[in-house]
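**Q** Predicted model, plus sequence, below.
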Amino acid sequence: MKTYDLVLVGGGIVGVSTALQLKRRNPDAAILLIEKEAFLAQHQTGHNSGVVHAGVYYQPGSLKADFCRRGAAQTIEFCREHGLPFKQIGKLLVATDAIEYERMEALEGRCSQNGIETQRLSERELTGIEPAVVGVGALLVSATGITDFKIITAKMAELFMALGGEIKCGLEVKALRERGHTVHIELAGTTITAKYLVLCGGLMADRLARNMGIDIDFQIVPFRGEYYRLSPRHNSIVKHLVYPIPDPELPFLGVHLTPTIQGFVTVGPNAVLGWKREGYGRFNFDFRDTMEMLKFSGFWTVMRENFLNGLSEFKDSVFKPGYLQRVRKYCPGLMSASDLLPYPPGIRAQAVKRDGTLVHDFLFAESDLSFHVCNAPSPAATAAMPIGEYLCEKVATRFGF
């Protein structure tokens, strides 16, 4: 049986970016990436808004702020180098009342701390550049752009394999064991061995860590982000990304308008509790996923502290006019629920600690021969390259690889 120098688990953009950078640093090493789905980028990477974030919201000095700022620049450069689709169309953060205007000013200060250029717009200036959008003011963040992260992931995978790296899809991890100086990765019908293991499991990150015997104090709680696509007659309704001013007490950014790289406009996402970690249909339930969640004390703390907001999210999830009303607050030209066409949802892998704390920054765990990315929250797609650099340094320090 072949023993690899290093195996990575997880074929999203974080895993593939890390694999490519590890191979570039270790050209003679035997590196394998395995993915349980038939193709790469089938979960969070392939079910997001396609926004290349500038880093507006993130705590100064945090890994998110640093990774996002550097990741945006590296993503743009990667797209230019390889001729991949990208547009730097800018983002408008729109305040619709006095309270939101105060929050907007606070965000402006945070942008300054994070080294992000902004332009404050008056009501008249806002209407001048986006006639369909209304508000008492707005913050323009020109650095924000749009792309297709599945295409970027595919190009990274191509470059990785051109260097001699291996990718095997359709292989789901059943068990992980450290025996002596090797890791045994048990799959359906076969076992792969490696000197070291890096796991970028996304929605399954907690299960993979526990499978490795690591004592973790968090669990993944899935939140569905439901999107709609605007009818074709609204393909040019806005030129910029248009976001509401978020409530700082809530972990999500609110329903926004996103012109996509494919030429249409999406609306979303909301944030609805998921009862299935990989449930992309309209109605989803998984017994194991649900029972694990209900048995977890941190889940009940989150539900208790966010009950009213969760109820509102659920109501607007099943009642399309309520969902529409959220975006009509700043874009009143969207008059009919018939303007909201079906579009695939995303699932956010939200790490929650036992005490109910939502983990907002990156979270890692390790064993003697493995390193785990336990929480890679938004903007993980934007930040995939710096995350890969960070993991390379961790692997080099921890394993001498």
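**A** Yep, that arrived.
**Q** In this protein, what residue spans correspond to helices?
**A** Assigned by DSSP state H, the helices in the chain fall at 13-25, 63-82, 98-113, 123-129, 149-162, 205-211, 287-294, 297-305, 307-318, 320-328, 384-399.
**Q** Format these as a markdown table; extra columns: mean neighbour count.
**A** All C-beta spots, glycine's among them, are computed from the backbone N, C-alpha and C. Formatted as a markdown table, the helices of the chain follow (neighbours: other CB atoms under 10 Å):
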| stretch | mean neighbour count |
| --- | --- |
| helix 13-25 | 26 |
| helix 63-82 | 19 |
| helix 98-113 | 15 |
| helix 123-129 | 14 |
| helix 149-162 | 20 |
| helix 205-211 | 21 |
| helix 287-294 | 14 |
| helix 297-305 | 15 |
| helix 307-318 | 14 |
| helix 320-328 | 17 |
| helix 384-399 | 20 |
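**Q** Out of those, which is closest to residue 349?
**A** helix 205-211 (6.7 Å; CB to CB).
**Q** can you dump the C-alpha coordinates of that closest one into PDB?
**A** The C-alpha trace of helix 205-211 is given here as PDB (Å, rounded to 0.1, in the frame of the first residue of the first chain):
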ATOM      1  CA  ALA A 205     -15.300  19.500  10.600                       C
ATOM      2  CA  ASP A 206     -16.400  18.600  14.100                       C
ATOM      3  CA  ARG A 207     -17.100  14.900  13.200                       C
ATOM      4  CA  LEU A 208     -13.700  14.600  11.600                       C
ATOM      5  CA  ALA A 209     -12.000  16.000  14.600                       C
ATOM      6  CA  ARG A 210     -13.900  13.700  17.000                       C
ATOM      7  CA  ASN A 211     -13.100  10.800  14.600                       C
END
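**Q** Which strands or helices does it pack on?
**A** Contacts defined by 3 or more CB pairs under 8 Å, 6 or more residues apart in numbering; DSSP states H and E place helix 205-211 against strand 173-179, strand 190-199, strand 218-225, strand 346-353, strand 370-375.
**Q** Save these as CSV, and put in mean pLDDT and mean neighbour count too.
**A** CSV is the format used below for those (pLDDT from 0 to 100; neighbours: other CB atoms under 10 Å):
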stretch, mean pLDDT, mean neighbour count
strand 173-179, 95, 15
strand 190-199, 96, 20
strand 218-225, 95, 22
strand 346-353, 94, 22
strand 370-375, 94, 24
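**Q** Which one of the helices of the chain lies nearest to residue 235?
**A** Using CB to CB, these put helix 320-328 closest to residue 235, at 15.6 Å.
**Q** between the closest one and helix 307-318, how big is the angle?
**A** Helix 320-328 runs at 110 degrees relative to helix 307-318, counting by axes from the mean of the first three to the mean of the last three CA atoms, to 10 degrees.
**Q** ok and the helix or strand of the chain with the lowest mean pLDDT relative to helix 297-305, angle-wise?
**A** Least confident helix or strand of the chain, by mean pLDDT, DSSP states H and E, is helix 307-318 with a mean of 88. Helix 307-318 and helix 297-305 are oriented at 90 degrees to each other (the same axes, to 10 degrees).
**Q** could you check the angle strand 218-225 makes with helix 307-318?
**A** Using the same axes, to 10 degrees, helix 307-318 lies at 40 degrees relative to strand 218-225.
**Q** what comes into contact with helix 307-318?
**A** Here helix 307-318 makes contact (CB atoms under 8 Å, 6 or more residues apart in numbering) with 224, 226, 250, 270, 271, 272, 273, 303, 322, 323, 325, 326.
**Q** Settle this for me: the fourth one is touching residue 228, isn't it.
**A** No. With contact defined as CB atoms under 8 Å, residue 270 and residue 228 do not form a contacting pair (9.9 Å).
**Q** Please enumerate the shared neighbours of the two.
**A** residue 323.
**Q** biggest separation within the contacts of helix 307-318, which pair?
**A** 303 and 325 (24.4 Å).
**Q** For residue 324, which non-adjacent residue is closest in space?
**A** residue 337 (5.3 Å; CB to CB, 6 or more residues apart in numbering).
**Q** Please apply the same query to residue 47.
**A** Spatial nearest neighbour of residue 47, excluding adjacent residues (CB to CB, 6+ apart): residue 346 at 3.6 Å.
**Q** surely the one you found meets residue 48?
**A** Yes. The criterion here is CB under 8 Å, and residue 346 meets it with residue 48 at 5.5 Å.
**Q** right, and the helices of the chain - which one's nearest residue 42?
**A** helix 149-162 (8.8 Å).
**Q** Run the angle between that closest one and helix 13-25 for me.
**A** 30 degrees.
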